[in-house]
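Asker: this one's sequence-less:
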């Protein structure tokens, strides 16, 4: 049976908790707002090939991620995580801020030796590498790590790949914001030698290179596929967005991307090839607030959410399909419009809300009076009406008469606790039990409503359904089926 192992409650360091794990276990690391996790046991964390998860208490909450900090303190040969023992994608790290790393390759995270972990919802910032990969380094022809929903920002490398370094490997980089990184070559990404790396739905902006490619540098037979991405406002002495260089013939495929300047800023060596697919554009993406990297390489943080009217909305590959649980960098559904958007952000027409419903298992034979629900606006999320959300809106602004559960059921009582961020709602339990009588388990419940300024919000939660009268339910389904057949 899998075991949850808590840091610092049960184990003093993250490594100590990892060492105690067997396959299937989960290490849960508490926020550390006062003192970062640092020093021996909290840096160079090695999962040693175990199929485990190491995560913060809530990787989907930016506030939790920003306060669950692994700080390597700039010490030499010190990273946040190292993967070198054949870890698979079932080995997961999620929900950390990793900073202060300083290593030869991969200042924040290093993947090598047949290791292909899943890294998600992390902020990898202010790390450095002596050579390649200030934020992350992936090296080895057999590795295929998956990097999703991460913010990779303000990292640096002395040779190449300020944000990410790829050599002879095939990482899948998805739904990430890569910004404010620096290296002489490939401010954001440096990729070389054979492999099949993919970059999908990423926003790459405000990175810089002193020589080639503020965005992406491809060299020496680096076969790279870039889809549904935004590359904008990167700077370099040459090829501000992408450089495709020789050494050995190199091929890059670009489709449904918004690239500033297109061929003007994408430079290709005569021995190499850029395959321009369909759907590429050169239009201001209309970021909420673009970041910038000054001459001293000081990065001013940007907000790369799309404003209403962005040409990147519904401009991605029309054939692109996402898994039902796939999300953008904010945890919102990856496709919310007619087509997938370009970049890490999927435009929403409402404020995403965090909904938690209790009980988590609803007994249809139960006699309780209420189902309880809390509504909270996601910290760090944004309103899609041209301005920020979490700074300008509060649950106290919700028009309680507008709240609906599955567009059917209104609340019987609401209350905002003093100084609270949550609106607590009671729904009539018998009404919900009737509504869910024929529903599949688990049932997806959607809560919607509006604020005083007319902005709408939406959030979802799942609950199990138990206590169903199986004979009655089966009979009702047979009757319905019979009626439908007669029609």
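Answerer: Cool, the structure landed. Since the model is a prediction, treat every value here as computed from it, not as a measurement.

Asker: can I assume residue 430 sits in a helix?
Answerer: Yes - with the criterion set as DSSP: H, G, I helix; E, B strand; the rest coil, the secondary structure at residue 430 is a helix.

Asker: wait, what's in contact with it?
Answerer: Residues counted as contacts of residue 430 (C-beta atoms under 8 Å, 6 or more residues apart in numbering): none. Heads up, the C-betas are built off the backbone N, CA and C, glycines and all.

Asker: and it, what pLDDT?
Answerer: Per-residue pLDDT puts residue 430 at 95.

Asker: what's the answer for residue 188, then?
Answerer: Residue 188 is assigned 98 on the pLDDT scale.

Asker: so it sits right up against residue 234, yeah?
Answerer: Yes - in terms of C-beta atoms under 8 Å, residue 188 counts as a neighbour of residue 234; the distance is 6.7 Å.

Asker: Counting neighbours, go ahead and name the busier of these two.
Answerer: Counted by other C-beta atoms under 10 Å, residue 188 and residue 234 do not tie: residue 188 has more neighbours, with 35 against 28.

Asker: excluding its backbone neighbours, what's nearest the more buried one?
Answerer: Nearest residue to residue 188, sequence neighbours excluded (C-beta to C-beta, 6 or more residues apart in numbering): residue 207, at 4.0 Å.

Asker: give me the number of residues near the one you found?
Answerer: Per other C-beta under 10 Å, the neighbour tally for residue 207 reads 35.

Asker: cool, residue 293 as well?
Answerer: Other residues within reach of residue 293, judged by other C-beta under 10 Å, total 26.

Asker: my guess is it meets residue 188, correct?
Answerer: No - under the criterion of C-beta under 8 Å, residue 293 lies out of contact with residue 188, with a separation of 11.0 Å.

Asker: sorry, back to before: overlap in contacts, residue 188 and residue 234.
Answerer: Common neighbours of residue 188 and residue 234 (criterion: C-beta under 8 Å, 6+ apart): 204, 207, 214-215.

Asker: where does the protein dip in pLDDT?
Answerer: When the per-residue scores of the chain are filtered using pLDDT under 70, the ranges that remain are 33, 378-393, 418-420, 469-487.

Asker: Any idea which residue is closest to the centre of it?
Answerer: Of all residues in the chain, the one closest to the mean position by C-alpha atoms, centre = their mean is residue 149, 1.7 Å from it.

Asker: Contacts only, for it.
Answerer: Applying C-beta under 8 Å, 6+ apart, the residues near residue 149 are 120-121, 174-176, 327-329, 331.

Asker: List the backbone torsions phi and psi for the residue lying closest to residue 83 once chain neighbours are set aside.
Answerer: What sits nearest to residue 83 in space, not counting adjacent residues and going by C-beta to C-beta, 6+ apart, is residue 115, at 3.8 Å. Note on residue 115: backbone dihedrals following degrees, to the nearest 10 are phi -100, psi 130.

Asker: can you start the count at 396 instead of 1 from here on
Answerer: Let's use 396 as the start, then, which means that last one is residue 510.

Asker: Please name the residues that touch residue 510.
Answerer: Residue 510 makes contacts with 478-482, 486, 535, 538, 540, as judged by C-beta under 8 Å, 6+ apart.

Asker: Just the ones of the residues you listed in strands?
Answerer: Counting by DSSP state E, the part of these found in strands is residue 478.

Asker: For the contacts of residue 510, work out which two are farthest apart.
Answerer: Pairwise distances across these peak at 15.3 Å for 486 and 535 (criterion: C-beta to C-beta).

Asker: Secondary structure and distance to residue 648 for the shared contacts of residue 583 and residue 629 - can I get that in a markdown table?
Answerer: Compiled in a markdown table, those are given as follows (DSSP: H, G, I helix; E, B strand; the rest coil; distance: C-beta to C-beta, whole Å):
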| residue | secondary structure | distance to residue 648 |
| --- | --- | --- |
| 599 | strand | 16 |
| 602 | coil | 21 |
| 609 | coil | 20 |
| 610 | coil | 15 |
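
Asker: Farthest pair within those residues?
Answerer: Farthest apart among the shared contacts of residue 583 and residue 629 by C-beta to C-beta are 599 and 609. That separation is 9.0 Å.

Asker: okay, and the common contacts of these two?
Answerer: For the pair residue 599 and residue 609, residues contacting each of them under the criterion C-beta under 8 Å, 6+ apart are 583, 629.

Asker: Please flag which of the contacts of residue 544 sit within strands.
Answerer: 515, 569.

Asker: nearest to residue 658, of the contacts of residue 544?
Answerer: Nearest to residue 658 out of the contacts of residue 544 is residue 571 (C-beta to C-beta; 24.9 Å).

Asker: My guess is the closest one contacts residue 739. True?
Answerer: Yes - the pair residue 571 and residue 739 qualifies as a contact (C-beta under 8 Å) at a distance of 5.9 Å.

Asker: which residues do these two both contact?
Answerer: With C-beta under 8 Å, 6+ apart applied, the overlap between the contact sets of residue 571 and residue 739 consists of 597-598, 724.
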